[in-house]
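Trainee: requesting a structural model of the entry that follows:
(one chain, ligands or ions: 1)
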Amino acid sequence: MTTISNGRATALETPRILRSSDAVSRPRLENRPSAAHKRVLLAAPRGYCAGVDRAVIAVEKALENFGAPVYVRKQIVHNIHVVSTLEKKGAIFVDDVAEVPIGSHVVFSAHGVSPAVVQEAADRELLAIDATCPLVTKVHREATRFARDDYEILLIGHAGHAEVEGTMGHAPERTTLVNSPADVPNVVVTNPDHLVWLSQTTLSVDETMETVRLLRERFPNLLDPPSDDICYATQNRQVAIKKVAQDAELVIVVGSANSSNTVRLVDVALENGAKAAYRVDYASEIKQEWLEGVATVGVTSGASVPEVLVQEVLDDLADAGYADVSQVVTAEEDLMFSLPKELRTDAAGNPDARGLGGRVKRLDWQRDGAFDGATQQRSGDA
Ligand code: SF4
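Mentor: Numbering: from 1, shown residues only. Have a look, this model is predicted:
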């Protein structure tokens, strides 16, 4: 555990996104007397993952290179603050490529798209930039390969989620969606000896393993995916909040309601010792009554959340007497992805030495080109 501050939290990274307090009126929390020492346990890793960082940079760089407007199919990442900030810069978010004027630039979100969407964009002569996270692309490739080899695919994921729609679209005839352990008794397959399970990247690890256990009870020859589909960022954030939740009466998770990995963090906190856990988009949503009788508050954020929003939560908690902030570190992350190929040049068409948008270093193994999606880098426990 690392103490990062004995007073008001200091910025841990330079924010690219406007502070929410620029636009949102934020009622202050009161510092009510308490017999116990008030403190915050701040989970690490938290916040932006490599795929989200790449996708947000992709939109920013598309605006820089091609000028506004740049269209984005679906929310580029599931965070309302990121989306509204990019809208102010000239991005236009649409649900369907049919809404994009012919010949315009369109960015596909980090959650990925089906081949049918790619084809529709080509038919409309759109200039597509694919910001699909390479770890989602990895799952797409698995789905395509197993379908080609005549496997039936049991995809564990949430109906209606953009990533699930994109993955199912790579093998629509061969894929059955399994939402949760409760779905398992109703799963119908043609050949129980030629089955593989894959998953959405942002699920609860524990719940997914329970679903797999139940599936394997019914289908003993069920094949595992070649590597973890639940991504390193989702897993690392869940491990960190598990540790924090053991010592925190209250956990606050920063992130949006449609962010799957954010919502899972609330579940994981409650399952691992927190007496209460709440999700907030902004610090202004923290309610005074949540803090009644609470000595230790755990704080984390989903993989699509800019750090500035966490800093605002820490600032408000400091106002309420929780100025002692200790960071609970369970892993170090240094994974980075190359930008989509259309964005590796600057506005003049010259190779862009920044490669990843200018804020992070490139790794040696990235110099040959884009991440191939075959493996994930995950650090050991710190
Ligand atoms: S949460 Fe995982 S799969 Fe999703 S964008 Fe981040 S790294 Fe990629």
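
Trainee: every contact and neighbour count from this point should use C-alpha atoms.
Mentor: Noted.

Trainee: can you tell me the centre-most residue of this structure?
Mentor: For the chain, the residue whose C-alpha lies nearest the mean C-alpha position (Cα atoms, centre = their mean) is Ala303; its distance is 3.6 Å.

Trainee: which residues of the stretch 251-382 of the chain fall in strands?
Mentor: Secondary structure of the stretch 251-382 of the chain (DSSP state E, counting those that start in this stretch): strands located at 276-280, 296-301, 325-329.

Trainee: right, so these: which one is the most enclosed?
Mentor: Per residue and on average, the most neighbours among those fall to strand 296-301, with a mean of 28 (mean count of other Cα atoms under 10 Å).

Trainee: how far does it sit from the chain's center?
Mentor: The gap between the average C-alpha position of strand 296-301 and the chain average comes to 18 Å, counting by Cα atoms, centre = their mean, to the nearest Å.

Trainee: up against the ligand, what does the stretch 1-150 of the chain have?
Mentor: If contacts are counted using Cα under 6 Å from any ligand atom, the residues of the stretch 1-150 of the chain sitting beside the ligand are 49-52, 110, 133, 135-136.

Trainee: the same query, at a cut-off of 5 Å, please.
Mentor: Residues of the stretch 1-150 of the chain that fall close to the ligand, judged by Cα under 5 Å from any ligand atom: 49, 51-52, 133.

Trainee: reformat the residues you listed as CSV; add pLDDT and neighbour count.
Mentor: CSV is the format used below for these (pLDDT from 0 to 100; neighbours: other Cα atoms under 10 Å):
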residue, pLDDT, neighbour count
Cys49, 96, 24
Gly51, 96, 26
Val52, 96, 25
Cys133, 97, 23
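
Trainee: helices - which of these land there?
Mentor: 51-52 (DSSP state H).

Trainee: so which of the residues of the stretch 1-150 of the chain next to the ligand comes closest to Glu217?
Mentor: Compare each of these with Glu217 using Cα to Cα and the shortest gap goes to Cys133, at 32.4 Å.

Trainee: residue contacts, the closest one?
Mentor: Applying Cα atoms under 8 Å, 6 or more residues apart in numbering to Cys133 gives the contacts 51-52, 54-55, 110-112.

Trainee: pick out the most distant pair among those.
Mentor: Arg54 and Gly112 (13.1 Å).

Trainee: can you pull the residues that touch both of those two?
Mentor: Common neighbours of Arg54 and Gly112, using Cα under 8 Å, 6+ apart, are 131, 133.

Trainee: show me where the stretch 1-150 of the chain has its strands.
Mentor: With DSSP E, counting those that start in this stretch as the definition, the stretch 1-150 of the chain shows strands at residue ranges 2-5, 39-44, 70-73, 91-94, 105-108, 127-130.

Trainee: remind me what the third one packs against, helices and strands.
Mentor: Contacts defined by 3 or more Cα pairs under 8 Å, 6 or more residues apart in numbering; DSSP states H and E place strand 70-73 against helix 50-66, strand 91-94, strand 105-108.

Trainee: go through the ones you listed and pick out the most buried.
Mentor: Most buried of the helices and strands packed on strand 70-73 by mean neighbour count (mean count of other Cα under 10 Å) is strand 105-108; its value is a mean of 25.

Trainee: and which of the residues of the stretch 1-150 of the chain next to the ligand is nearest Asn179?
Mentor: The shortest gap between Asn179 and any of those belongs to Cys133, at 21.9 Å (Cα to Cα).

Trainee: quick check, Arg28 in contact with Asp319.
Mentor: Yes - between Arg28 and Asp319 there is a contact at 7.4 Å, judged by Cα atoms under 8 Å.

Trainee: how many neighbouring residues does Phe219 have?
Mentor: Using other Cα atoms under 10 Å, Phe219 has 18 neighbouring residues.

Trainee: oh sorry, the question was meant for Gly349
Mentor: Close neighbours of Gly349, defined as other Cα under 10 Å, add up to 10.

Trainee: mind listing what the residue in the chain that the ligand sits nearest to touches?
Mentor: Taking Cα to the nearest ligand atom, the ligand has its nearest neighbour within the chain at Gly51, 3.7 Å off. If you count contacts by Cα under 8 Å, 6+ apart, Gly51 has them with 110, 132-135, 336-337.

Trainee: so what's Leu222 up against?
Mentor: Residues counted as contacts of Leu222 (Cα under 8 Å, 6+ apart) are 192-197, 215-216.

Trainee: just to revisit the earlier point, any chance of the strands of the stretch 1-150 of the chain in TSV with mean pLDDT as columns?
Mentor: As requested, the strands of the stretch 1-150 of the chain are arranged in TSV below (pLDDT from 0 to 100):
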stretch	mean pLDDT
strand 2-5	43
strand 39-44	98
strand 70-73	98
strand 91-94	98
strand 105-108	98
strand 127-130	97
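
Trainee: for Val205, which of those is the nearest?
Mentor: Val205 lies closest, by Cα to Cα, to one member of the strands of the stretch 1-150 of the chain: strand 39-44, at 17.6 Å.

Trainee: sheet partners, orientation included, of the closest one?
Mentor: When pairs are called by DSSP bridges, strand 39-44 turns out to pair with strand 296-301 (parallel), strand 325-329 (parallel).

Trainee: check what contacts the first one and list those residues.
Mentor: Applying Cα under 8 Å, 6+ apart, the contact partners of strand 296-301 are 38-44, 46-47, 241, 244-245, 247-255, 262, 310, 322.

Trainee: try 6 Å this time
Mentor: 38-43, 46-47, 244, 248-255 (Cα atoms under 6 Å, 6 or more residues apart in numbering).

Trainee: inside helices: which ones of those?
Mentor: Among the contacts of strand 296-301, the residues falling in helices (DSSP H) are Val244.

Trainee: roughly how far does the residue of the chain closest to the ligand sit from Pro101?
Mentor: Using Cα to Cα, to the nearest Å, one obtains 27 Å as the distance from Gly51 to Pro101.
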